[in-house]
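**Student:** This is a predicted model, with the sequence first.
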Amino acid sequence: YSSGEQQDVVIIGGGPGGYVGAIKAAQLGMKVTCVEKRATLGGTCLNVGCIPSKALLNASHKYEEAKHGMEKHGISVGGEVTIDVSKMMAQKMKSVGGLTKGIEGLFKKNKVNHVIGFGSLVDKNTVEVTKEDGTKETISTKNIILATGSEPAKLNGVDVDEKTVVTSTGALELEKVPETMVVIGGGVIGLELGSVWSRLGSKVTVVEFAKVIGGNMDNQIRTTFQRALKKQKIDFKMETAVKKAEKMPDGKIELTIEKVSTKEESKMIADVVLVSTGRKPYTENLGLEKLGIQTDKMGRVEVNVKDHTWETNVPGIYAIGDIIAGPMLAHKAEEEAIAVVEHLSGKEGHVNYDAIPSIIYTHPEVAWVGKTEEEVKDAGLEYNVGTFPFAANSRARTNDDSEGMVKFISCKNTDKIFGAHIVGPQAGELLGECVLAMEYGGSTEDIARTCHGHPTLSEAVKEAALATGGKAIHF
Ligand code: FAD
């Protein structure tokens, strides 16, 4: 790559959308440049999202197991189990560092040009990159893909300092275990990071504006999930709004909260407050207005999804991932990346938005794909339901980890799967076969008639499928 050479495509953003699109474009023979303002590749996901949060979830789960889960198996760890937070963070950084470096390696292997700097649109064929030292480079290109991702949404009255009032980014880097933590927002990020610090010893309270936690989750699964979290001593204040956060002289944070129904105000004190009330598209100084690129009222770039082009209203400029509509998930961004690049190379790109898995990596995990029972009911569809508890699965019992269930919802006439919902051990991994079945237009009978290894947790999936069409064997 020599400066000045016209590119087939320039991708702004090196997250799961951007870097995957860049590799795929190179594999399809395109000249491609990926512009990323961070020094490391991988975007939110690898640097401050999916990966560091899973590293801490894993470490804190190990700690909790060592502290509370070993004795009944006859295992003594000898002495008091302690946690060294700085060591835990160092291990987290090791996984993050290895993976971000890995993408650099993949870029080299696939001959993707990587430019570090802030990218902005000059016109539909030109991207300007401002480097850290202030120097600028312009890149001329046939096509541009915007993949600039998202940032934490702000909450009125609550100022983030990333030390005591933190977003997910600060919550991934706390230097010590806070005695008390208030999590504002009971969505995926809040529940995962709340779980991390709760396991490490914080008294965690989740304050949620809505009636329910976990967003668009099947209600039966949600009930089991929330019960499990309560058992882990996580408290919930539902239908409660946070109005204000103030730092007190002793460094603690005083929150003013309000019951949504009665408007009754009260106070809460916490050592650390995590603001996890959602994320918004990051398109600052990108040059959208200058080029007249349309956004919706939530600031998301509008693209043509219907025709599977992901093109904005400006021909030759495309957008994918967290900056467009749809679930803010790394794998959704990656699917769009592959599809848009295939489209650019004259192939047919495709994303099945009905089969995008959602996973919460707490313990138990929650994982689902497709419609919830409530959605199927609201749509007036006739359906069958089958459930199977992990308590009746031999592997879950031998692992002494048998909280939760698998649930299928399928069409009453055709048995085609409408949705699969799992709360329990390894739910995220177990969901894979359900997503595949849905992608193939499969039925619960297809899963029920597939031989599953014994003893595995996946037999719970098979049994729930059996239960949908008739009866489970082991329950
Ligand atoms: P991003 O990953 O946000 O990447 C965009 C990149 O563009 C960034 O690196 C940014 O620096 C760069 N950029 C922005 N503007 C410019 C510019 N003008 N010039 C140059 N570079 C620019 N999703 C999951 O699927 N599973 C999970 O377990 C999960 N856990 C999460 C946990 C947390 C704490 C958080 C915060 C998020 C989590 N997510 C998870 C969501 C996931 O991280 C995002 O959906 C995903 O990263 C979106 O990918 P993207 O490529 O669209 O954007």
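**Tutor:** Arrived safely, thanks for sending.

**Student:** so what's the residue positioned nearest the centre of the chain up against?
**Tutor:** Within the chain, the residue whose C-alpha comes closest to the C-alpha centroid is residue 329; the distance, by CA atoms, centre = their mean, is 4.7 Å. Remark: with contacts taken as CB atoms under 8 Å, 6 or more residues apart in numbering, residue 329 is in contact with 356, 358. (C-beta placed from N, C-alpha, C; glycine too.)

**Student:** Residue 193: neighbour count?
**Tutor:** Number of residues near residue 193 (other CB atoms under 10 Å) recorded here: 27.

**Student:** just checking, what packs against the helix or strand encompassing it?
**Tutor:** When secondary structure is defined using DSSP states H and E, the element that contains residue 193 is helix 188-199. Helix 188-199 sits against helix 50-64, helix 168-171, strand 180-184, strand 203-207, strand 272-275, strand 358-360, with contacts defined as 3 or more CB pairs under 8 Å, 6 or more residues apart in numbering; DSSP states H and E.

**Student:** Does the ligand have contacts with that helix?
**Tutor:** Yes: with CB under 6 Å from any ligand atom as the measure, helix 188-199 is seen reaching the ligand through residue 189.

**Student:** Identify all contacting residues around that helix.
**Tutor:** Contacts to helix 188-199, defined as CB under 8 Å, 6+ apart, come from residues 53, 56-57, 60-61, 63-64, 168, 171-172, 174, 177-178, 181, 183-184, 204, 206, 213-215, 229, 232-234, 272, 274, 276, 358, 360-363.

**Student:** So which residues on the stretch 151-300 of the chain come close to the ligand?
**Tutor:** Along the stretch 151-300 of the chain, the residues adjacent to the ligand under the rule CB under 6 Å from any ligand atom are 168, 189, 282, 286.

**Student:** Farthest pair within those?
**Tutor:** Farthest apart among those by CB to CB are 189 and 286. That separation is 24.0 Å.

**Student:** ok, residue 299 touching residue 280?
**Tutor:** Yes: with contact defined as CB atoms under 8 Å, residue 299 reaches residue 280; the gap is 5.9 Å.

**Student:** Between these two, tell me which one has more neighbours.
**Tutor:** A side-by-side neighbour count of residue 299 and residue 280, using other CB under 10 Å, places residue 280 first with 16 against 13.

**Student:** Look at the closest residue to residue 467 other than its chain neighbours and give its secondary structure.
**Tutor:** In space, residue 467 comes closest to residue 386 once its chain neighbours are excluded; the distance is 3.4 Å by CB to CB, 6 or more residues apart in numbering. Look at residue 386: counting by DSSP: H, G, I helix; E, B strand; the rest coil, its state is strand.

**Student:** Using CSV, write out every CA atom in stretch 342-359.
**Tutor:** Taking only C-alpha atoms (Å, rounded to 0.1, in the frame of the first residue of the first chain), the coordinates of stretch 342-359 have been written out as CSV:
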residue,chain,number,x,y,z
GLU,A,342,-20.1,-9.5,-0.4
HIS,A,343,-22.5,-7.0,-1.9
LEU,A,344,-19.7,-4.7,-2.9
SER,A,345,-17.9,-7.5,-4.7
GLY,A,346,-21.0,-8.2,-6.7
LYS,A,347,-22.2,-11.2,-4.7
GLU,A,348,-25.4,-11.5,-2.7
GLY,A,349,-25.0,-10.5,0.9
HIS,A,350,-27.5,-11.7,3.5
VAL,A,351,-28.2,-11.3,7.2
ASN,A,352,-31.1,-13.2,8.8
TYR,A,353,-32.2,-10.7,11.5
ASP,A,354,-34.7,-13.3,12.8
ALA,A,355,-31.9,-15.6,13.9
ILE,A,356,-29.5,-13.4,15.9
PRO,A,357,-28.7,-14.9,19.3
SER,A,358,-28.7,-12.8,22.5
ILE,A,359,-26.6,-14.0,25.4
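
**Student:** ok now that stretch, how far from the chain's centre?
**Tutor:** Distance, stretch centre to chain centre, for stretch 342-359: 18 Å (CA atoms, centre = their mean, to the nearest Å).

**Student:** Give me the contact list for it.
**Tutor:** The contact list for stretch 342-359, computed with CB under 8 Å, 6+ apart, reads 8-9, 24-25, 28-30, 143, 188, 216-217, 305, 308-310, 318, 326-327, 329, 331-332, 335-336, 338-341, 365-370, 427-428, 431-432, 435, 438-439.

**Student:** In contact with the residue nearest to residue 467, which residues?
**Tutor:** Residue 386 sits in contact with 407, 408, 410, 444, 464, 465, 466, 467, 468, 469, 472, where contact means CB under 8 Å, 6+ apart.

**Student:** I believe residue 34 is in a strand; please confirm or correct that.
**Tutor:** Yes: with three-state DSSP as the criterion, residue 34 is part of a strand.

**Student:** Tell me if I'm right that it and residue 18 touch.
**Tutor:** Yes: in this structure, residue 34 is within contact of residue 18 by CB under 8 Å, at 5.7 Å.

**Student:** List the buried residues in the longest strand along the chain.
**Tutor:** Residue-count comparison of every strand in the chain, with assignments taken from DSSP state E, identifies strand 136-146 as the longest. For strand 136-146, the neighbour count (16 or more other CB atoms under 10 Å) marks 139, 141, 143, 144, 145, 146 as buried.

**Student:** can you give me the mean pLDDT across that strand?
**Tutor:** Per-residue pLDDT values across strand 136-146 average out to 97.

**Student:** where does the stretch 351-475 of the chain come near the ligand, residue by residue?
**Tutor:** Counting by CB under 6 Å from any ligand atom, the residues of the stretch 351-475 of the chain lying close to the ligand are residue 361.

**Student:** Can you name the residues that contact residue 384?
**Tutor:** 408, 409, 410, 411, 412, 415, 444, 468, 469.

**Student:** Dig out what it forms beta bridges with.
**Tutor:** residue 410 (DSSP bridges).

**Student:** where's it relative to residue 178, distance?
**Tutor:** 46 Å (CB to CB, to the nearest Å).

**Student:** For the longest helix seen in the chain, name the packing helices and strands.
**Tutor:** Of all the segments assigned as helix in the chain under DSSP state H, the longest by residue count is helix 85-110. Using 3+ CB pairs under 8 Å, 6+ apart as the contact criterion, the neighbours of helix 85-110 among helices and strands are helix 16-27, helix 43-48, helix 50-64.

**Student:** Kindly reformat those helices as JSON lines containing mean pLDDT, mean neighbour count and distance to the ligand.
**Tutor:** Written out in JSON lines, the entries for the helices and strands packed on helix 85-110 read as follows (pLDDT from 0 to 100; neighbours: other CB atoms under 10 Å; distance: least, CB to the nearest ligand atom, whole Å):
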{"stretch": "helix 16-27", "mean pLDDT": "98", "mean neighbour count": "27", "distance to the ligand": "3"}
{"stretch": "helix 43-48", "mean pLDDT": "98", "mean neighbour count": "25", "distance to the ligand": "2"}
{"stretch": "helix 50-64", "mean pLDDT": "98", "mean neighbour count": "20", "distance to the ligand": "4"}
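
**Student:** Cheers, nothing more for now.
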